[in-house]
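# Just a sequence and a predicted model for now, questions to come.
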Amino acid sequence: QLKQAVTQRVNAETQDNLALAERSLYWLGGSALAAVLAGLWLAWRITRSVTLPVGQAVQVAQAIARGDLAQVIDGSAKDESGLLLRSLADMQAHLAGIVREVRHNADGVANTSAEIAQGNNDLARRTEDTASNLQTTASSMEELTSTVKQTSDSAQTANQMATSAAEVAARGGQVVAQVV
């Protein structure tokens, strides 16, 4: 009977140990599954916390590359991704300032070019007026030269006539003297 009692006790203890081992296996499997799930969740969160700001930085950089300098950039995060986004915001602000300055200078160049063109037009008009005045002066000088030549010719003719008249008068005086 002792053998039977010991065997029963060993069998009961073995059954208890097997049940404990089975429960431990379930707990160990559940804990392992929970740890794997927690690890996957943490990996997803960490990946998301890195990829979202980097993705946002990529979108901002692409927008700046397209010339969109009015995009609002949220760089409020305190980590490296926030620093990257704040740096992109600073770069965008500086580029916008450079573009404004270039536009202002281009407007100044355009205005100055328009003023120079207007000045050239005024100069061309005055040059044409001066050329016209010179032509008028040259024409007047030709008329004056012609008039002076005619006057000179008339004076020469008058001088010749006066000389002829004087000779005729002198001969007439001689004839009168001979007659008297």
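Noted; the coordinates are in hand. These numbers were taken from a predicted model, which means no experiment stands behind them.

# Check R9 and give its pLDDT.
For R9, the pLDDT comes out at 86.

# need the next SSE after the host helix or strand of it, C-terminal direction.
Using DSSP states H and E, R9 sits in helix 2-65. The helix or strand immediately downstream of helix 2-65 is helix 80-179, counting by DSSP H and E.

# what's the angle from the helix holding R9 to helix 80-179?
On the basis of axes from the mean of the first three to the mean of the last three C-alpha atoms, to 10 degrees, helix 2-65 is oriented at 10 degrees to helix 80-179.

# Which other helices and strands does helix 2-65 contact?
helix 80-179 (3 or more C-beta pairs under 8 Å, 6 or more residues apart in numbering; DSSP states H and E). To be clear about C-beta, it is placed using only N, CA and C from the backbone, and glycine gets the same treatment.

# Which strands and helices lie in contact with the helix it packs on?
Going by 3+ C-beta pairs under 8 Å, 6+ apart, helix 80-179 lies up against helix 2-65.

# ok now the helix it packs on, how far from the chain's centre?
59 Å (C-alpha atoms, centre = their mean, to the nearest Å).

# what residues does stretch 61-69 touch?
Q71, L88, M91, Q92, L95, A96, V99 (C-beta atoms under 8 Å, 6 or more residues apart in numbering).

# If we use 10 Å, what do you get?
60, 70-71, 73, 84, 88, 91-100 (C-beta atoms under 10 Å, 6 or more residues apart in numbering).

# So which of those residues is the closest to P53?
The closest of the contacts of stretch 61-69 to P53 turns out to be L84 (C-beta to C-beta; 7.1 Å).

# Counting neighbours, what do you get for the closest one?
By the measure other C-beta atoms under 10 Å, the count of residues near L84 is 18.

# tell me the contacts of it?
Here L84 is in contact with P53, V54, Q56, A57, V60, A61, G75, A77 (criterion: C-beta under 10 Å, 6+ apart).

# And the fourth one, how far from A70?
Put plainly, it is A57. 17 Å (C-beta to C-beta, to the nearest Å).

# who's more crowded, those two?
For the pair A57 and A70, the greater number of neighbours falls to A57 (17 against 8), based on other C-beta under 10 Å.

# For the more buried one, give me its contacts.
Counted by C-beta under 10 Å, 6+ apart, A57 has contacts I73, G75, S81, L84, L85, S87, L88.

# which stretches of the chain have low pLDDT?
Counting by pLDDT under 70, the chain shows no low-confidence range.

# run the last query once more with 80
1-2, 75-77, 180 (pLDDT under 80).

# Narrow the contacts of stretch 61-69 to just the buried residues.
V60, I73, L84, L88, Q92 (16 or more other C-beta atoms under 10 Å).

# burial measure for L85, as a count.
Using other C-beta under 10 Å, L85 has 20 neighbouring residues.
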